[in-house]
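In: Generate a structure from the sequence data that follows.
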Amino acid sequence: MQKITTTIQKIKALKKRKNSKSILLGLAITLFGYNAANAQLTASGQFRPRTEFRDGYSTLQSKDAETAVFTSQRTRLNVGFTGYRFKFFVAVQDVRVWGQDASTINRTTIAENNGIQLHEAWGEIMLNDTVSSIQNLSLKIGRQEISYDDQKVIGALDWLQQARYHDAIVLKYFNKGWTADFGAAFNQNKELLAGTIYNGVPAATSGYTAGTNGLGTNYKSLEYAYIAKKFFFGDISFLFLSDNFNKYTNVTAGTPAVTTKVNEQGIWTRNTTGFYYNVNATRKLKFEGSLYHQFGHDKNGRSLSSNLASITSTLQVGRKLFVGPGVDYLSGNDGTKAVTATSENNQFDPLYGTPHKFWGTMDYFYASSGFGAQGLLNYFLKAKYNLKDNLTLFADIHCFESANSLSNGAGGKQTSYLGTELDLKMSYNMTKMINIEAGYSVMQATNSMASAQVKNVTNANLTPQWAYVMVNIKPNFLNKK
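Out: Numbering: from 1, shown residues only. This next block holds a predicted model:
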């Protein structure tokens with residue numbers, strides 16, 4: 001306000017000299033200064049290299065398989081701008097493995113793997129003005145991350161270097177502790193002159209799938225409603241989501257016979273609905289959990305009926321230690337019965353969530369090549385210890401069991417217990433912008449885990465290991481401090 005007053009005084013002084021050009025210039029400076037004061041520009045970045053040691057990560061390997069060691073890197077630039085009744089944001093990222101690109105010396109002979117990707121690009125329009133009694137009513141349009149609650153079924157999957165996004169439009173409402181979001185998306189491979197056929201296979205970038213999930217087939221369209229309320233004792237939310245997949249038929253022709261997937265008009269709809277809760281039972285005891293049901297049809301057109309139930313407890317012991325047991329149940333198909341194109345699918349799919357956070361950091365379940373057809377029982381105990389203000393230690397132990405019977409391939413059953421996994425992690429904040437993280441995981445798998453029905457690995461290494469070291473630098477370019 002003082003700057004505006006000073007500028008007005010200068011304009012009055014210019015008026016006395018009757019210099020019209022100077023007056024117009026002064027008015028322009030005043031208006032620009034006022035708009036700049038009411039707008040906000042943000043510019044930040046992220047540099048995140050991660051070196052991994054893999055000896056059975058994600059899927060069991062044979063005993064004679066060699067260990068994998070590599071470094072992947074995410075480099076991200078974020079620019080945002082907030083103006084009167086609108087927001088604008090763009091995040092451009094480059095994801096690649098060290099050494100995968102051709103150097104400047106031999107680039108003419110070796111094709112370069114381009115890992116640059118537009119991770120986010122959205123605009124948000126405020127539908128309520130500054131005098132509205134509603135705290136927020138807005139429309140967010142474009143490529144964006146969508147995350148809710150504990151990210152068990154909808155999350156940004158930040159652990160994955162390329163992370164996850166959706167090309168969507170979301171109507172967002174918030175007022176007096178109530179949140180209500182309504183979102184929709186419609187995907188196509190390219191511009192078409194007729195029809196809406198979608199093969200569900202997005203373009204790959206640098207060997208990393210550019211889609212929004214690990215299904216192998218991306219959704220053609222998506223609609224959801226999310227409603228949440230904050231109470232004095234915690235949070236409760238409700239979700240209803242429909243994701244739709246393009247119908248197809250398998251056509252077999254030729255000699256020898258070759259089966260080809262042919263897409264056609266129409267969709268198969270999968271519906272997921274349920275509740276999430278986060279309740280503070282006492283000052284030091286918290287319960288968190290969810291209950292979801294899926295119905296409709298899966299991406300292959302099979303009738304679907306499946307469930308997820310989860311509960312986690314967290315008890316604060318002293319000032320620095322947090323511990324708590326929990327259990328997850330995800331339904332699956334009976335492993336002793338044959339699965340046909342007409343049989344009902346009872347396997348729960350955790351949609352677009354963050355499996356790495358819940359079902360072991362070695363990502364055996366519901367991640368890239370994870371088990372899940374027969375469902376999963378995950379009994380776990382988690383512990384977190386704040387050794388210092390900037391140093392935190394984590395230790396989780398998981399006991400994995402199939403939620404249904406497993407066949408031994410000879411008309412009988414085999415044990416449903418799959419294995420025990422220990423996950424250790426250290427997180428050190430060197431500064432507010434620099435974090436160093438390291439972890440080690442080991443699993444003691446059973447023969448059932450390696451069996452043909454689950455992983456189909458002969459001469460399997462039943463004690464897989466995985467370790468990583470990651471540096472995360474997140475600069476704020478406009479922060480003078």
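In: use CA for all of it now, contacts and neighbours both
Out: Noted.
In: For Met470, name its beta-bridge partners.
Out: Beta bridges link Met470 to Arg50, Glu437 when assigned by DSSP bridges.
In: Surely it touches Thr51?
Out: Yes: between Met470 and Thr51 there is a contact under CA atoms under 8 Å: 6.4 Å.
In: which residues are contacting stretch 398-418?
Out: Applying CA atoms under 8 Å, 6 or more residues apart in numbering, the external contacts of stretch 398-418 come out as 329-336, 359-360, 374-381, 419-422, 445-449, 451, 453.
In: quick check: mean pLDDT across it?
Out: For stretch 398-418, mean pLDDT rounds to 89.
In: Tell me the buried residues in it?
Out: Buried residues in stretch 398-418, counted by 16 or more other CA atoms under 10 Å: 398-408, 414, 416-418.
In: Repeat that for stretch 337-348.
Out: Buried residues in stretch 337-348, counted by 16+ other CA under 10 Å: Glu344, Asn345, Asn346, Gln347, Phe348.
In: Which strand residues bridge the second one?
Out: When bridges are called by DSSP bridges, Asn345 pairs up with Leu304.
In: Please look at Thr59 and Tyr366 and confirm they touch.
Out: No: in this structure, Thr59 is not within contact of Tyr366 by CA under 8 Å, at 11.5 Å.
In: Looking only at neighbour counts, state which of these two leads.
Out: Neighbours per residue (other CA atoms under 10 Å) separate Thr59 from Tyr366, with Tyr366 holding more: 25 against 21.
In: so where's the stretch 351-481 of the chain shaky on pLDDT?
Out: Scanning the stretch 351-481 of the chain for pLDDT under 70 picks out 368-370, 480-481.
In: Repeat the analysis, applying 80 as the threshold.
Out: The stretch 351-481 of the chain contains residues with pLDDT under 80 at 367-372, 409-411, 479-481.
In: For this structure, just list every one of the helices.
Out: For the chain, the helices defined by DSSP state H cover 2-16, 20-37, 355-358, 447-450.
In: which stretch in these is the model least sure about?
Out: Of all the helices of the chain, the minimum mean pLDDT falls on helix 20-37 (a mean of 46).
In: From the chain's centroid, how far away is the longest strand along the chain?
Out: The residue-count maximum for a strand in the chain (DSSP state E) belongs to strand 258-280. Counting by CA atoms, centre = their mean, to the nearest Å, strand 258-280 is centred 17 Å from the centre of its parent chain.
In: Just give me the neighbour total for Arg164.
Out: Using other CA under 10 Å, Arg164 is surrounded by 25 other residues.
In: how much space between it and Lys190?
Out: As judged by CA to CA, to the nearest Å, Arg164 and Lys190 stand 20 Å apart.
In: phi, psi of the closest residue to Gly375 other than its chain neighbours?
Out: In this structure, Gly375 finds its nearest non-sequential neighbour in Gly332, 3.6 Å apart by CA to CA, 6 or more residues apart in numbering. When read as degrees, to the nearest 10, the backbone of Gly332 gives phi -150, psi -170.
In: from memory Gly332 sits against Gln347, does it?
Out: Yes: using CA under 8 Å, Gly332 is in contact with Gln347, at 3.8 Å.
In: intersection of neighbour lists for these two?
Out: In contact with both Gly332 and Gln347: Ser306, Gly372, Ala373, Gln374, Gly375, using CA under 8 Å, 6+ apart.
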